[in-house]
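J.: Just need the structure, nothing else, for what follows:
(one chain, ligands or ions: 1)
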Amino acid sequence: MKFLVINGPNLNLLGLREPEIYGRQDFAALQQFVRDAAAEAGVEVELFQSNHEGAIVDTIQEAYGKADGIVINPAAYTHTSVAILDALKAVALPAVEVHLSDVSKRESFRQVSYAGLACVKTYMGLGFEGYRRAILFLRDFCEGEVKRA
Ligand code: DQA
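T.: Numbers count the residues shown, from 1 in each chain. All right, here's what the predicted structure looks like:
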């Protein structure tokens, strides 16, 4: 089983970026955490980060036929991008949304999630742990799909 883990804009600046909200660990630490979580779950993982909406859309499209599922933190594009929502719907791969912070307790403009409309589950406010839970959930979800087929 292979999952694509996508991180959106400014997540490459973890550690530097508003540490009181996003923590003091850097993006390299997040990538290692995700790799360890994938190993724990017994799944393969491919990591992708971009600050560009179109590059994220391209990567979601390319996942079709290659990945079994997607874990995505679209970052600020969560709240603006119909294009990312449409790409997730187009490939129709099971997807799980992750946010480091609890967006439900933040500004009103963060209360809409377009990408979330195409996701089977959302984890927020758990920091790095949200990615681990997302990978484990997605593995169980995909195994269930296989059993049901
Ligand atoms: C975020 C929350 C978004 O609102 C924000 O724009 C981000 C990060 C999170 O992981 O908490 O860049 O997705």
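
J.: Name the residues that touch the longest helix belonging to the chain?
T.: Criterion DSSP state H: the longest helix present in the chain is helix 129-148. For helix 129-148, the surrounding residues in contact (CB atoms under 8 Å, 6 or more residues apart in numbering) are 1, 3, 5, 30, 33-34, 37-38, 40-43, 45, 68-69, 71, 73, 94, 96-100, 120-121, 123-124, 126. (Each C-beta comes from the backbone N, C-alpha and C, glycine too.)

J.: Now do the phi/psi pair for residue 14.
T.: Backbone torsions for residue 14, taken as degrees, to the nearest 10, come to phi -50, psi 140.

J.: That one against residue 27, yeah?
T.: Yes - contact between residue 14 and residue 27 holds when scored by CB atoms under 8 Å: they sit 4.5 Å apart.

J.: Have a look at the two and say which one is more surrounded.
T.: Set residue 14 next to residue 27 and count neighbours by other CB atoms under 10 Å: residue 14 wins out with 22 against 18.

J.: how about the helix or strand of the chain at the bottom of the mean pLDDT ranking: buried residues?
T.: Least confident element among the helices and strands of the chain, by mean pLDDT, DSSP states H and E: helix 129-148 (a mean of 91). By neighbour count on 16 or more other CB atoms under 10 Å, the buried set for helix 129-148 is 130-139, 141-142.

J.: Of those, just say which sits nearest to residue 55.
T.: Nearest to residue 55 among those: residue 131, at 20.0 Å, using CB to CB.
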